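>>> I'd like to go over a predicted model; first the sequence, then the structure.
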Amino acid sequence: MAVGWEPRWVRKRLKMGEGIEVETCLDVVSGLILCPLCVDISRLCPSYTEPVAEPLAGEAMLFFAASDLFHHMRAHARAGEWRPYALGEEEEEEESEEIEEESEEG
């Protein structure tokens, strides 16, 4: 069984606290908040008053609360600090170094 809805997006300013305001899209049907860094909000919700029935495309992140959006946006800012780590990569490197050392000694 599939569940869906037709979102009706309007542009909204949300106060995040500590003097931070974010302009994003809000679905008037479900109350979901869209991440303005993940999606082009000028295309999705150009109006503050007239809801637009535009389906989501791509990897849009939706949130129930402004505090959740705030934490997600902080993660966007810190994404450059993180490096991808593949499981097992370090172990394979250690094993290959040990094999090389043994072959040099022997």
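Good, I have the coordinates. Residues are numbered from 1 along each chain as shown.

>>> ok, and the closest non-adjacent residue to the residue nearest the centre of the chain?
By CA atoms, centre = their mean, the chain has its centre lying nearest to M61, at 5.3 Å. Closest residue to M61 apart from its sequence neighbours, by CB to CB, 6 or more residues apart in numbering: C35 at 4.2 Å. In short, each C-beta sits where N, CA and C put it, glycine included.

>>> can you pull the pLDDT of the one you found?
The per-residue pLDDT reported for C35 equals 92.

>>> residues touching it, list them.
With contacts defined as CB atoms under 8 Å, 6 or more residues apart in numbering, the neighbours of C35 are T24, A60, M61, L62, F63, L69, H72, M73, H76.

>>> turn the residues you listed into CSV, including distance to K15 and secondary structure.
Listed next are those as CSV, based on distance: CB to CB, whole Å; DSSP: H, G, I helix; E, B strand; the rest coil:
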residue, distance to K15, secondary structure
T24, 12, strand
A60, 22, coil
M61, 20, coil
L62, 19, strand
F63, 15, strand
L69, 12, helix
H72, 16, helix
M73, 14, helix
H76, 19, helix
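
>>> returning to that earlier point: the residue nearest to the centre of the chain against L32, yeah?
No. The criterion here is CB atoms under 8 Å, and M61 misses it with L32 at 10.0 Å.

>>> what about the helices in this protein?
Under the criterion DSSP state H, helices of the chain are mapped to 41-44, 66-78, 89-105.

>>> buried stuff in the first one?
Read that as helix 41-44. For helix 41-44, a neighbour-count test (16 or more other CB atoms under 10 Å) marks I41, L44 as buried.

>>> alpha carbons of it, as CSV, please.
Taking C-alpha atoms only, helix 41-44 is exported to CSV below (Å, rounded to 0.1, in the frame of the first residue of the first chain):
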residue,chain,number,x,y,z
ILE,A,41,13.2,27.2,-2.5
SER,A,42,12.8,30.1,-5.0
ARG,A,43,11.5,27.5,-7.5
LEU,A,44,9.5,25.4,-5.1
